[in-house]
Structures are given as structure tokens and as C-alpha cells.
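Peer 1: okay, here's the prediction I keep looking at, along with the sequence it came from:
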Amino acid sequence: MSDRIRPKLNVLLAATLAVFLAGPVANGLAQTVQQPSSVSVDAQPPATDVPGADDPGAQPAPLEAAAGDATAGDATEVNPVLPHDLSPVGMFLAADIVVKAVMVALALASVATWAIFLVKTLELIYAKSRLKRAVAALVSANGLAEVQSKLERRAGVAGEMVAAAIDEMTRSEAVLDLAPAVGVKERVSSLLTRIEVRAGKRMSAGTGILASIGSVGPFVGLFGTVWGIMNSFIGISKAQTTNLAIVAPGIAEALLATAIGLVAAIPAVVIYNYFARSVGGYKLILADAAAAVERLVSRDLDHRHARRAPPRRQDGFAHAPDSIARIG
């Protein structure tokens, strides 16, 4: 019995051992089979790859070039060529025609301001010095005839005043001994006043332009700025972008117009105020000259009246006995 059972037990043990050994081997074989499949799946090219990309004979370059040209064209339309020269001259050349006209007008106004400054400064210095010498001669003279000989070589406002006074006294020669001297003095004073006003107005010529430039210049520059900014916003709407590189050049050109307007207006205002004070001082010297001429006229009339009048008696009782004898 034991001999029969022993072979069966051996067979059963061998089968059990085979089953246990077959499980790990089967799992290893399954993993080995699955790895090539995953590798093959990962090695598959993406579905979006162009067929024949590895083929040297394929020519996809024209399509790519066309796409590149279209992209470049769109970029050019969206981002127009910007001026690289942002200097004042470069911005002026790149500005709109209206902004250019404003800048040119303001530049000419600035040139006119400095030209008037140079001319009027020299004119005032020369006129003041000559008039001061004439006033000194008028003050030191004893009569119109004397001062006329001194001023005959100095043709100026003072000489014109002396000539007008002498001419009026010559015209009134026939009535100087019959009429009061007040009328002659009033006529001479009226003539001197008119000469003084004309001389002051002549010296103030040109300063009105400075006042106009000083008051209007900033507003003209502001007009150029508004026009330039308006064009910048129009460019933004056309480009459909808010990129600062597109907006900045137009705004800079617009602000340049305002800067030029201020450069023209500020010196004009300062120079106008300077000339107002200087011309005021010149008018004071004219008033001194007119007053000196009036004093000379009054002195000449007094001397004339003193020569024409009969001599006054020194003693009121010198002829008293003759009068009493005549009465008796």
C-alpha cells in the first residue's frame, strides 16, 4: 500500500511545485510582452506631423515662406515705421504740415523779438545820451539865441523844441509889446507838448510787436500741440494698438510746438517790460528838455519887456516941488 501511495505523492508534489514555479514565469513573460507595445505607442509620431517631413524630396518651404511674408506684412501694418531721430530737427521734419507751419511762425517771431531788442537798445542808448547833453546845454544857457548856437550841430528832439519856440516867438513879434506874454507861453507850451508826444511815440515803435508775441505765442504753440495730439490719436485708431512706441513720437512733436511757443513768448514779455521802463525814462528826459525850453522862453520875454518898459523913478518925491509950483 505504501509502495503504491508513494509514487502518487511524488507526482502530486511535483505538480504542485510546477504550479508555483509557473506563476512568476508567466508574470515576467507578460511584462516583457507589454514593454515593446508601450514603446511602440510612444514612438509613434504625432498626428499633426506633416507626412513626408523626413523625406528629403518634400518641399514645404514655399508655404512657410508665404506664411512668413503674411506675418511680416501684418506686423508692418500694425507697427508702422517710427522716426528714430527724436532730436528737435528730426521731430520737426517728421511733424505734420500744420505743426510745421506753427513752428516756423513761432521761430520767426522769436527772431523778430531779438532783432527788435538789439535795434531798440542801441537806439535808446544813443537817444538818451544825446538828449542828456542837450538838456545840460539848455540848463546852462541864458537865452534861446545862445542855446540855438550850441544845438545847431546836434539835430535832435531838443533842437526841434528850441527851433519851434523861436519860430513861435518870431511869428508873435508884432504883438509881443502889445499883448500879454501869457498867450505866447501857452502856444510854445502846446508846441513842445506835441513834439514831446511824437518823440515818445517814435521811441516806443516796435514794442507793440513784442506785446503781441508775448500774449499770442503760447496760444499758437498750444494750437500746434492740440493738432499734433489729435493726429496721434488718429494714428492709434488706425493702428489699433496702444503701444507707447507708436504714440510717443507724435506727442513729442506736438509738445515741441508748445516749447517753441514758450521760447518765443517768454523773452518777448521780458524785453517788452524792459523797454517800457526804458522808454518811460526817456520820456522823463524829454519833459526836462521841454521845461528848460519853456524857462528860456519866459526869460527872453521878461528881458524884452524890461527893455521896452520906461525906467522907474527911484524916488517918488524927486519932482514934488515942481508939481507944487505948477499947482500954485
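Peer 2: Structure's in. What do you need?
Peer 1: so where do the helices sit in the stretch 51-200 of the chain?
Peer 2: Secondary structure of the stretch 51-200 of the chain by DSSP state H, counting those that start in this stretch: the helices cover 61-78, 88-94, 97-140, 144-151, 157-171, 182-204.
Peer 1: next one, pLDDT for the nearest residue to Val139 once chain neighbours are set aside please.
Peer 2: Nearest non-adjacent residue to Val139, counting by Cβ to Cβ, 6 or more residues apart in numbering: Ala292, 5.6 Å away. (C-beta placed from N, C-alpha, C; glycine too.) Per-residue confidence (pLDDT) for Ala292: 91.
Peer 1: show me the shaky parts of this protein.
Peer 2: Under the criterion pLDDT under 70, the flagged ranges of the chain are 1-86, 152-155, 177-179, 242, 308-328.
Peer 1: quick check: which element contains Arg277?
Peer 2: Applying DSSP states H and E as the criterion places Arg277 in helix 244-308.
Peer 1: what's that helix packed up against?
Peer 2: When contacts are defined as 3 or more Cβ pairs under 8 Å, 6 or more residues apart in numbering; DSSP states H and E, helix 244-308 packs onto helix 88-94, helix 97-140, helix 144-151, helix 157-171, helix 182-204, helix 207-239.
Peer 1: number of residues surrounding the residue nearest to Val139?
Peer 2: For Ala292, the neighbour count with other Cβ atoms under 10 Å is 23.
Peer 1: wait, it sits on Leu131?
Peer 2: No: judged on Cβ atoms under 8 Å, Ala292 makes no contact with Leu131 at a distance of 11.1 Å.
Peer 1: separation between Arg210 and Ile260?
Peer 2: Actually, residue 210 is Leu rather than Arg. Distance from Leu210 to Ile260, counting by Cβ to Cβ, to the nearest Å: 17 Å.
Peer 1: for Gly221, same thing?
Peer 2: On the measure of Cβ to Cβ, Gly221 and Ile260 end up 6 Å apart.
Peer 1: now Ala248
Peer 2: 19 Å.
Peer 1: just want to know which of those two has more residues nearby.
Peer 2: Set Ala248 next to Ile260 and count neighbours by other Cβ under 10 Å: Ile260 wins out with 24 against 13.
Peer 1: wait, what's in contact with that one?
Peer 2: Shown in contact with Ile260 (Cβ atoms under 8 Å, 6 or more residues apart in numbering): 102-103, 106-107, 110, 221.
Peer 1: name the nearest of those relative to Ala95.
Peer 2: Met103 (7.1 Å; Cβ to Cβ).
Peer 1: I'm done for today, thanks for sticking with me.
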